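Engineer: could you work out the structure for the sequence below:
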Amino acid sequence: MQGAIERYIDGLNRSDYKAIARLIPPNNEAMTEITQLLRTDGGKAIKVTSVDIRSEMSPKYARVFITGVWADGAFNDTVDVSKDSDRWYIVLVLHSQILG
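Structural biologist: Numbers count the residues shown, from 1 in each chain. Prediction:
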């Protein structure tokens, strides 16, 4: 799981669409979500200070709280991760999808 989070932050820092897309679960279309994520959080040289897996909902699903610093000040992100076979993936959801 830690490796997926590290690749996620690295992809954000490099504004690397393909790197983020490789972290999405198979057969999920997330083009809009990745584009929005990179527009808001991409290329900002995030330096992670903590990764806290506070909520492991099952052996195949967890919520991860990431804190750090970047050019804009404090960085906080919450990501859901899911496991398929032996690999962890980042589950991206647009805030507008959450709000309905």
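Engineer: now the helices: where do they sit in this structure?
Structural biologist: The residue ranges that make up the helices of the chain, judged by DSSP state H, are 2-13, 17-21, 31-41, 95-99.
Engineer: quick one: closest of those to residue 52.
Structural biologist: Each of those was scored for nearness to residue 52 using CB to CB, and the closest is helix 2-13 (10.5 Å). Glycine gets a C-beta too; all of them are placed from N, C-alpha and C.
Engineer: so what touches the closest one?
Structural biologist: Residues outside helix 2-13 that contact it (CB atoms under 8 Å, 6 or more residues apart in numbering): 16, 19-20, 22-23, 37-38, 41-46, 48, 51, 64, 66, 68, 79, 81, 87-90.
Engineer: quick check: beta-bridge partners of the nearest residue to residue 52 once chain neighbours are set aside?
Structural biologist: With CB to CB, 6 or more residues apart in numbering as the criterion, residue 52 has its nearest non-adjacent residue at 4.4 Å, and that residue is residue 65. Here residue 65 sits in beta bridges with residue 52, residue 78, as judged by DSSP bridges.
Engineer: wait, residue 65 touches residue 49, no?
Structural biologist: No. Under the criterion of CB atoms under 8 Å, residue 65 makes no contact with residue 49, lying 11.4 Å away.
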